[in-house]
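[1] what's the 3D shape of this:
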Amino acid sequence: MGKLVIVLVLIVLASFVWYFAKSKVSRVHGQVRDRAIEGNIGRALTAGPATKHLAMMGRTLTLGADPQRAGELVTHVATADARVTDVRADAGTVVITIDGSYPRARAHLLADRTVIGIEAMTWEMGFPQGAAVWDRIATAITTAAGHQGIPVGEGARHFVRDPAAGNDPEVWTVQVA
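    Numbering: from 1, shown residues only. You can find the predicted model right below:
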């Protein structure tokens, strides 16, 4: 019986030691990762891909169709993507939410055209998040519009960090001239 108690006490002590050692290693690993991303090495590794992703996020589309037809097309295409979590009409616009909160795209349904693009996104781990999803949706909208005979023009937006949104994660919004 005494040996059993000693073995159980050793197991409990080993579990505590393992838990604290593992959490310290995880915390140190996180700090090293953060320093690498924030430092010159991280910037050098992420600069090219981040620039590409930022250009993808800045992609805008202008659909030359009446607001109802364009809104239906945008809604249909957006709801077909698995990463889109919400599509809703909001006072002359269609708001598309990807991955639960960001990036967020907005289609402005004007009388003579519809302009759609990302209005806010998050920047985490050296990259804007959701760029591939937005690029996929924008390409699908362009393809669907082409099949329906709707003319599509492309443009670009530029983003700036929104200091009012906090730091974790960083939120970037469209730069206003």
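
[2] Based on its surroundings, how many neighbours for Met121?
    28 (other CB atoms under 10 Å). All C-beta atoms are positioned from the backbone trio N, CA, C, and that covers glycine.

[3] Also Asp99?
    14.

[4] got it, and Glu124?
    13.

[5] Verify the stated contact: it with Ala131.
    No: the criterion here is CB atoms under 8 Å, and Glu124 misses it with Ala131 at 11.9 Å.

[6] for the helix or strand harbouring Gln68, what is the average pLDDT?
    Assigned by DSSP states H and E, Gln68 belongs to helix 67-79. Averaging pLDDT along helix 67-79 gives 93.

[7] Give the next helix or strand downstream of it.
    Following helix 67-79 in sequence, per DSSP H and E, is strand 84-89.

[8] Packing partners of that following strand?
    helix 67-79, strand 93-98 (3 or more CB pairs under 8 Å, 6 or more residues apart in numbering; DSSP states H and E).

[9] winner for burial among these?
    strand 93-98 (a mean of 21; mean count of other CB atoms under 10 Å).

[10] how much does it deviate in direction from helix 67-79?
    Strand 93-98 runs at 10 degrees relative to helix 67-79, counting by axes from the mean of the first three to the mean of the last three CA atoms, to 10 degrees.

[11] For Leu110, give its distance to Leu63.
    The gap separating Leu110 from Leu63 is 10 Å, by CB to CB, to the nearest Å.

[12] Those two: who's more crowded?
    The neighbour count for Leu110 versus Leu63, taken as other CB under 10 Å, is higher for Leu63 (27 against 15).
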